[in-house]
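Asker: Sequence below, structure please.
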Amino acid sequence: MRMIKSQGILIATQVFGVPDDPALILVMGATASMLGWPDAFCTALANRGFYVIRFDHRDTGQSTTVQPGEASYAVEDLAADVIGVMDGYNLDSAHILGMSLGGYISQIVALTHPGRVRSLTLLASEPLGWDGPALPHISQEFLDHFGILASLDWASETATIEFLLTSERLSAGSGQAFDETYMRGRIRQILARTTSPASMFNHAILDTRQDWIGRYRDITVPVLILHGSDDPILPVKNGEALAAGIAGSELIVVDGVGHELPLSKVETIADLIAGGIPQ
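Answerer: Prediction:
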């Protein structure tokens, strides 16, 4: 684990692979720490010739964390954190893989620092500044589940684990059985790495400072889009909108996958990434 100082905060990072290989920075989605990227997935990417760097967003894991409701940063600050990680590893440029909000953040990085982004892979993401007809978003079942948040006792590890486990279950696709044992273990690891698990939901009130309307169309770096066919958070129409708007991009729909990185698909998705982006 290596801590990097950026914009006055500390960002926890971890690497997989050989420093001489092309760098691939993994940018996770909202409320998720670096453990949202399974170890097996990071290893699979490293085995395919990437120097993989994953990191904790602020308010997750071991990065700087403020109390729930006290966050004052914007999405643009999370994009600047990605550049801070690159600077911390003395990288002039890197491939970037962003999932969900991480894909949204990565689009900002590609627009504001195109010379530092060798390629962009958008996994289960949505267009930055979408300006077309409304796209389908988070399922009602998920919204109902989030209704529990107001009364959730974060001091109770049991209650917190059950809440997060249900979130993972609702995110899963139909292509594989939900692995409750594995997921319970991962949630315990996530909780062990933070002193304030409720702070991860500071991301729920995130907004942008700038007007990004329609800007996803201005992305000029090579773009690969991966989207699960069963995504209940950002349904596949979002991936299709990205592909239609970003010139030269390629969309691959992964059957049976939801808003997740299931262990059974780790090698498949790593193959798609390694084969779909220029090294």
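Asker: give me the element the closest residue to Met200 other than its chain neighbours is part of.
Answerer: Nearest non-adjacent residue to Met200, counting by Cβ to Cβ, 6 or more residues apart in numbering: Thr31, 4.3 Å away. (C-beta placed from N, C-alpha, C; glycine too.) Here Thr31 is covered by no helix or strand, with elements defined by DSSP states H and E.
Asker: Contact partners for Thr31?
Answerer: 60, 200-201, 203-204 (Cβ atoms under 8 Å, 6 or more residues apart in numbering).
Asker: Just checking, which helix or strand of the protein averages the lowest pLDDT?
Answerer: Least confident helix or strand of the chain, by mean pLDDT, DSSP states H and E, is helix 140-146 with a mean of 91.
Asker: Run through the protein and note the low-pLDDT ranges.
Answerer: 278-279 (pLDDT under 70).
Asker: Can you give me the buried ones in stretch 256-265?
Answerer: Neighbour-count burial for stretch 256-265 flags 257-262, 265 (criterion: 16 or more other Cβ atoms under 10 Å).
Asker: Widest-spaced pair of those residues?
Answerer: Using Cβ to Cβ, the pair of the buried residues of stretch 256-265 lying farthest apart is His259 and Lys265, separated by 12.8 Å.
Asker: Mind checking what secondary structure the closest residue to Glu240 other than its chain neighbours has?
Answerer: Counting by Cβ to Cβ, 6+ apart, Glu240 lies nearest to Leu251, which is 6.5 Å off, once chain neighbours are set aside. Secondary structure, DSSP: H, G, I helix; E, B strand; the rest coil: Leu251 is strand.
Asker: what is Leu251 paired to in the beta sheet?
Answerer: Ile225 (DSSP bridges).
Asker: ok, it to Leu272 distance?
Answerer: 11 Å (Cβ to Cβ, to the nearest Å).
Asker: who touches both of the two?
Answerer: Shared contacts of Leu251 and Leu272, counting by Cβ under 8 Å, 6+ apart, come down to Leu226.
Asker: Pull out the buried positions in stretch 96-112.
Answerer: Result for stretch 96-112 [16+ other Cβ under 10 Å]: buried residues 96-111.
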